[in-house]
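Student: What follows is a predicted structure for the sequence shown.
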Amino acid sequence: MSRKFSCSPKAIKELIHANLLPILTVSGVTGGAVLGLILRYSREEHWTKREVMYVGYIGELFLRALKALIIPLIVSSLVSAIGSLDLSLSKKIGLRAIAYYMTTTVLAVILGIILVVSIHPGKGSDEGIKKAGEARDVYTPDLLMDLLRNLFPPNLIQACFETHKTIIIQPKLKDLENDTRFLSYNLTEDELPPKAEWELGTEHTRALNIMGLVSFATLLGLALSTLGAKGKPLLDFFHSLSDASMVITSWLIWISPVGILFLVASMIIEMEDFSVMLGQLGLYFGTVILGIFIHGFLILPAIYTIFTRKLPFRFLANMSQAYITAFATASSSGTMPVTFQCLEEKNKIDPRVTRFVIPIGATINMDGTALYEAVAAIFIAQVRGIALTIGQVVAISITATAAAIGAAGIPQAGLVTMVMVLDVVGLPAEDMTLIIAVDWLLDRFRTMINVLGDSIGAGLVYELSKKELEQMSINANGDVERPSNEIAMDAVESSKM
Ligand code: ASP
């Protein structure tokens with residue numbers, strides 16, 4: 001099919017009109033970079049945190065508005081998507097999504113390991129690498145148990161703003177003096193018993209427990225699907241909430257170029273001098289970037305093409321608004337409203353799939369983070385001069401996968417769960433401070449790939465599930481005309497007993 005291109009003012013106007021949002025978004029990024037550079041070099045002295053906060057204020061407002069949509073979107077979209085699917089069909093779609101998440105995460109980890117082992121960015125001494133900060137001192141089993149605890153929140157209201165976290169409690173000297181276990185120690189304020197002997201305690205951090213909300217919404221969706229006609233009023237409520245959240249998203253998207261401009265400007269003013277990138281840290285940075293770009297722009301599109309027999313270029317280009325938002329916000333959960341919008345409006349992916357696959361993907365499917373966890377742990381081992389056995393490398397791959405699943409879709413969450421990966425190689429948690437100087441920037445790139453991975457997952461699952469979706473008698477608005485489904489009717493009957 002041939003297409004005629006014309007350069008008439010009318011044609012140019014139409015072109016701009018059709019692509020107004022991407023043009024504004026790219027202008028926001030470039031404008032932000034220029035503004036940031038001008039402000040950064042407009043004076044000699046360092047910008048204080050407070051001044052950076054003032055510059056980024058408008059961006060912060062945009063981010064807050066995006067975050068406000070996370071709870072209504074995750075809960076309503078999952079409940080309505082799972083609740084409107086036949087159980088047997090949702091099982092099929094769900095299994096496809098899980099298979100995609102697991103395969104791509106493992107592929108990302110393997111790629112990361114191949115790259116870090118062959119590039120070997122950590123050779124030489126660790127001179128020049130900055131150390132800073134303190135880290136949590138709990139062990140892998142504690143972190144894994146926290147993950148499961150968060151999957152079962154005891155209180156849903158609390159899950160909207162608090163996450164469970166195990167901590168170790170520093171003992172008080174006066175308690176220890178009376179404790180017979182410590183008689184052999186010469187205890188002073190400065191010389192307490194080793195940390196391994198400190199008690200474990202519970203802390204609730206001020207962070208949304210997304211895992212808990214996802215698991216509850218999934219269960220509620222399954223329950224409503226089982227209830228059939230009886231569950232319809234509640235299901236309709238969630239359909240309506242999900243649609244309303246999407247309408248708010250479409251409004252927000254139009255102010256995103258302004259928000260992104262100020263987020264990028266403040267990021268540029270705040271960033272460390274590029275001199276930290278020289279040497280080992282720069283090589284480590286390059287290794288992670290190379291890995292996430294190979295994974296995101298070669299491997300994932302190749303998987304998409306192989307399974308769908310479609311070229312991925314248009315699909316990927318249509319998602320650009322989501323990548324830019326992911327880069328600017330460093331949060332895949334925060335980007336979720338935009339991801340939905342790009343998938344449904346531009347790529348025309350069925351909402352029954354996106355609203356099922358994206359909230360779960362944004363929470364557990366993080367290819368960029370998984371790759372980074374593996375590279376970072378092996379890089380630190382290299383810097384410390386530790387030769388890893390094959391067994392240890394395998395252990396790193398498994399824990400890096402778990403660490404990526406456990407990381408929340410918020411800025412630098414991967415750095416926190418990396419304690420787990422370091423632990424399997426016997427490295428102290430404090431060692432993650434070796435990479436802290438560049439983590440804020442890597443975080444933005446890995447978030448982009450996390451979002452890209454979720455989007456390709458939704459596209460792939462949609463293409464593979466077209467037949468099942470067609471079978472279902474759900475109209476485009478998500479209204480359910482369903483009780484012909486036998487499973488649901490059986491369940492209604494049995495729920496009467
Ligand atoms: N910021 C990442 C995300 O939101 C998580 C991480 O790797 O730290 O996807």
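Tutor: Cool, the structure landed. Computed from a predicted model, the values in this text were never measured in an experiment.
Student: give the contact list for Leu37.
Tutor: Counting by C-beta atoms under 8 Å, 6 or more residues apart in numbering, Leu37 makes contact with Ile268. Where C-beta positions appear, they are placed from N, C-alpha and C, glycine not excepted.
Student: what about it, distance to Val264?
Tutor: Leu37 is 10 Å from Val264, where distance means C-beta to C-beta, to the nearest Å.
Student: Name the residues contacting each of the two.
Tutor: Listed as contacting both Leu37 and Val264 by C-beta under 8 Å, 6+ apart is no residue at all.
Student: so Val451 touches Pro337, yeah?
Tutor: No. Assessed by C-beta atoms under 8 Å, Val451 is found out of contact with Pro337, at 11.7 Å.
Student: So which of these two has more stuff around it?
Tutor: Comparing Val451 with Pro337 by other C-beta atoms under 10 Å, the one with more neighbours is Val451, at 32 against 27.
Student: burial count for the residue lying closest to the more buried one once chain neighbours are set aside?
Tutor: The shortest distance from Val451 to any non-neighbouring residue, by C-beta to C-beta, 6 or more residues apart in numbering, is to Ala326 (4.2 Å). The tally of other residues near Ala326 (other C-beta under 10 Å) stands at 29.
Student: Kindly report the same for the one 5 residues further on.
Tutor: Each residue near Ser331 was counted by other C-beta under 10 Å, and the total is 26.
Student: thinking again about what came up before, so what's the model's average confidence on the helix or strand hosting the residue nearest to Val451?
Tutor: Applying DSSP states H and E as the criterion places Ala326 in helix 320-329. Across helix 320-329, the average pLDDT comes to 92.
Student: Over to stretch 396-410?
Tutor: For stretch 396-410, the mean per-residue pLDDT is 87.
Student: May I have it as PDB, with CA atoms only?
Tutor: Taking C-alpha atoms only, stretch 396-410 is exported to PDB below (Å, rounded to 0.1, in the frame of the first residue of the first chain):
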ATOM      1  CA  ILE A 396      22.400 -15.600  42.700                       C
ATOM      2  CA  SER A 397      20.100 -16.200  39.700                       C
ATOM      3  CA  ILE A 398      17.400 -17.600  41.900                       C
ATOM      4  CA  THR A 399      17.600 -14.900  44.500                       C
ATOM      5  CA  ALA A 400      17.900 -12.200  41.900                       C
ATOM      6  CA  THR A 401      14.600 -13.400  40.400                       C
ATOM      7  CA  ALA A 402      13.000 -13.500  43.900                       C
ATOM      8  CA  ALA A 403      14.400 -10.100  44.700                       C
ATOM      9  CA  ALA A 404      12.900  -8.600  41.500                       C
ATOM     10  CA  ILE A 405       9.500 -10.100  42.300                       C
ATOM     11  CA  GLY A 406       9.700  -8.800  45.800                       C
ATOM     12  CA  ALA A 407      10.700  -5.300  44.800                       C
ATOM     13  CA  ALA A 408       7.900  -2.800  44.800                       C
ATOM     14  CA  GLY A 409       7.300  -0.700  41.800                       C
ATOM     15  CA  ILE A 410       8.700   2.400  43.500                       C
END
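Student: in which helix or strand would I find the closest residue to Gly296 other than its chain neighbours?
Tutor: Counting by C-beta to C-beta, 6+ apart, Gly296 lies nearest to Ile449, which is 4.1 Å off, once chain neighbours are set aside. Here Ile449 sits within helix 436-464, counting by DSSP H and E.
Student: Distance from that helix to the middle of the chain?
Tutor: 7 Å (C-alpha atoms, centre = their mean, to the nearest Å).
Student: Can you mark which positions in that helix are buried?
Tutor: By neighbour count on 16 or more other C-beta atoms under 10 Å, the buried set for helix 436-464 is 436-462, 464.
Student: returning to that earlier point: so who does the residue nearest to Gly296 touch?
Tutor: Contact analysis of Ile449 by C-beta under 8 Å, 6+ apart lists 292-293, 295-296, 367-368, 371.
Student: Among those residues, which one lies nearest to the ligand?
Tutor: Gly368 (6.4 Å; C-beta to the nearest ligand atom).
Student: Now do the same contact list for Val106.
Tutor: 397, 401.
Student: Look at it and report its pLDDT.
Tutor: In this model, Val106 is scored at 94, pLDDT.
Student: so where's the protein shaky on pLDDT?
Tutor: For the chain, applying pLDDT under 70 flags the ranges 1-6, 124-140, 171-197, 273-277, 473-497.
Student: interface residues of it facing the ligand?
Tutor: 330-332, 366, 369, 407, 409-414, 443, 446-447, 450 (C-beta under 6 Å from any ligand atom).
Student: 5 Å instead?
Tutor: Within reach of the ligand by C-beta under 5 Å from any ligand atom, the chain has these residues: 330-332, 369, 409, 412-414, 443, 446-447, 450.
Student: from those residues, which is closest to Ser118?
Tutor: Distance to Ser118, by C-beta to C-beta, is smallest for Arg446 among those, at 20.2 Å.
Student: Can you tell me, leaving aside adjacent residues, what's nearest to the closest one?
Tutor: Spatial nearest neighbour of Arg446, chain neighbours left out: Gly368 (3.1 Å); criterion: C-beta to C-beta, 6+ apart.
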